[in-house]
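*Asks:* Next come a sequence and a model predicted from it.
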Amino acid sequence: MAAGDDECTASVGEITISPVKVQRLPHLTHYLPNLKTFPNPLDRNQFYRPSDGFYISPCDVILRQITYDLSGIFPSPPSHLAYHRAGPRKQIFFDPSMTRVAIVTCGGLCPGLNTVIRELVVGLWELYGVRQIYGIIAGYRGFYSFEPMALNPKLVEDWHKRGGSVLETSRGGFDLEKIVNSIKDHEFDQVYVIGGDGTMRGAVTIFDEICRQKLNVSIAGIPKTVDNDIGIIDRSFGFQTAVEMAQQAISAAHVEAESAVNGIGLVKLMGRSTGHIALHATLSSRDVDCCLIPENEFYLEGKGGLFEFLEQRLKQNGHAVLVVAEGAGQDMIPRSDAQKKETDESGNPVFLDVGRWLKSELKSWWDRDHPGELVTIKYIDPMYMVRAVPANATDNLYCTLLAHSAIHGVMAGYTGFVSGPINGNYAYIPIAEVANAKNPVNTMDHKWAWVRSVNNQPDFIKR
């Protein structure tokens, strides 16, 4: 054993582990204390053999943080935050024969949306015997604009093989009063909301209003963002499929660049506020010379700038591949006052096309500094291709676990929560916490250093 290991082992006995603080999880009985309970139908399900430890108890928790410094150099937190573990409970708070369920998808497309819908329907039907399951058409506005679509396992049988959302989706259209009135008018007992951080914030508002009115309705969120920008959970569904598809675009750009004199392949990938897709696709492909993400500022001209780096790389290899996330460099792109104020239906600032701007800047730089020399710049924008494909095998399995975890939590009477993995274990997290949590790329950690070491790209810090 190394000396350093001896020192750490010797000091472990002096360290006191802080107590565990379990995050409070909303439950219907918090405002409806006299709700009737029912035995879990899984007791009678032919595919299950519940035994000791099969059902989750309130004492089963998942720690938020699992790595700690035992040296004592950094102070330990006063308590270790933990979340209730996801899974079936012995008692449920809904009569499956009377339960009416609504499922809604909001925001942009993402690989796996149809898988989540399918597994919610199949899980509710086969595990708990729920028969009244409905899909809300076209996002939040569908609650008050369209009649719900009746769903059953036969109808959704092959939905996991399709991209997009069979239920259709949209941005905006959030009208709290109309949505809650629709929930009451249709006598929905459970509402499953699938969407990104904006959708989750809407779900928080719905949950708060349902609590205020003391309705026997459970709200569960299943976080969806192809950018992987939702915090707390390990990752969002569809992300791995998106990285896989992004690699295909990078491979095409590499072929184009390698087949031309002074060829530059430029690929723009999804990532408004975070560069996870660009980062992971870069690490996976190993064909990328420079990766630009929103979390790391860059500049074009001068020593240590992008142009200098690309010139060196073209001299060395004769070609280069550049990957840029859609949110990178937005402050550098000239725009009019009207463009600065423009927002989409979700209230997000409208981004200009950083890929087209960068291609133009690259062409101007080359014509200025290398007049008469050949250059080929191929720009590939696979953004809609990346998000519109069906989920791959890994994401399909992940979507199933997310859906079933949400079902178990709702049937157990929990509400205002999100199901998701924390450190590899599925947990229930208050939806308000997830709605406000971010997941930026940490440019100070090992993964970003790994990207820079693989590419040997500059840090873009002016000295």
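*Replies:* Sure thing, it's come through. Residues are numbered from 1 along each chain as shown.
*Asks:* I'd like to know how far V116 sits from Y379.
*Replies:* Using Cβ to Cβ, to the nearest Å, V116 is found at 33 Å from Y379. C-beta here means a position set from N, CA and C on the backbone, and glycine is covered the same way.
*Asks:* more neighbours, the two?
*Replies:* Legend: neighbour count by other Cβ atoms under 10 Å for V116 and Y379, higher for V116 (30 against 19).
*Asks:* got the contact list for that one?
*Replies:* I194, I222, K224, F237, C399, L402, A403 (Cβ atoms under 8 Å, 6 or more residues apart in numbering).
*Asks:* Got phi/psi on it?
*Replies:* phi -60, psi -50 (degrees, to the nearest 10).
*Asks:* residues in contact with the closest residue to it other than its chain neighbours?
*Replies:* Nearest residue to V116, sequence neighbours excluded (Cβ to Cβ, 6 or more residues apart in numbering): C399, at 4.7 Å. Residues in contact with C399 (Cβ under 8 Å, 6+ apart) are G112, T115, V116, E119, H160, F237, A391.
*Asks:* Helix or strand: which one has C399?
*Replies:* Mapping C399 onto the secondary structure by DSSP states H and E places it in helix 393-411.
*Asks:* Tell me which helix or strand comes right after that helix.
*Replies:* On the C-terminal side of helix 393-411, the nearest following helix or strand under DSSP H and E is strand 417-422.
*Asks:* Just checking: what are the partner strands of the helix or strand following that following strand?
*Replies:* For strand 417-422, the succeeding helix or strand toward the C-terminus, using DSSP H and E, is strand 425-430. Sheet partners assigned to strand 425-430 using DSSP bridges are listed as strand 80-85 (antiparallel), strand 417-422 (antiparallel).
*Asks:* So which residues of the stretch 101-250 of the chain form helices?
*Replies:* Counting by DSSP state H, counting those that start in this stretch, the stretch 101-250 of the chain has helices at residues 113-128, 142-145, 176-185, 197-212, 239-258.
*Asks:* shaky segments in the stretch 251-400 of the chain?
*Replies:* Residue ranges of the stretch 251-400 of the chain with pLDDT under 70: 346.
*Asks:* What are the boundaries of the helices in it?
*Replies:* With DSSP H, counting those that start in this stretch applied, the stretch 251-400 of the chain shows helices at 276-285, 306-317, 337-341, 354-369, 383-388, 393-411, listed in chain order.
*Asks:* mind exporting the shortest one as PDB, just the C-alpha atoms?
*Replies:* C-alpha atoms of helix 337-341 as PDB (Å, rounded to 0.1, in the frame of the first residue of the first chain):
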ATOM      1  CA  ASP A 337     -32.100  45.600 -31.800                       C
ATOM      2  CA  ALA A 338     -35.200  43.700 -32.900                       C
ATOM      3  CA  GLN A 339     -33.300  40.500 -33.000                       C
ATOM      4  CA  LYS A 340     -32.000  41.100 -29.500                       C
ATOM      5  CA  LYS A 341     -35.600  41.300 -28.200                       C
END
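*Asks:* outside of it, which residues touch it?
*Replies:* Residues outside helix 337-341 that contact it (Cβ under 8 Å, 6+ apart) are V350, L352.
*Asks:* Without its sequence neighbours, what residue ends up closest to P390?
*Replies:* Spatially, and ignoring its direct neighbours in sequence, P390 is nearest to G163 (4.9 Å; Cβ to Cβ, 6+ apart).
*Asks:* wouldn't that neighbour be in contact with N392 here?
*Replies:* No: G163 is beyond contact range of N392, at 11.4 Å (criterion: Cβ atoms under 8 Å).
*Asks:* Need the residues touching each of these two.
*Replies:* P111.
*Asks:* Can you read off the backbone torsions of the residue of the chain most remote from its centre?
*Replies:* Outermost residue of the chain with respect to the C-alpha centroid, by Cα atoms, centre = their mean, is G372; its distance is 46.5 Å. For G372, the backbone dihedrals are phi 80, psi -10 (criterion: degrees, to the nearest 10).
*Asks:* any idea how far K378 is from it?
*Replies:* G372 is 21 Å from K378, by Cβ to Cβ.
*Asks:* Y144 too?
*Replies:* For Y144, the distance to K378 equals 46 Å [Cβ to Cβ].
*Asks:* do L300 as well
*Replies:* Between L300 and K378 the computed distance is 19 Å (Cβ to Cβ).
*Asks:* can you check Q23 too?
*Replies:* Distance from Q23 to K378, by Cβ to Cβ: 49 Å.
*Asks:* what does N455 give?
*Replies:* Applying Cβ to Cβ, the value for N455 to K378 is 19 Å.
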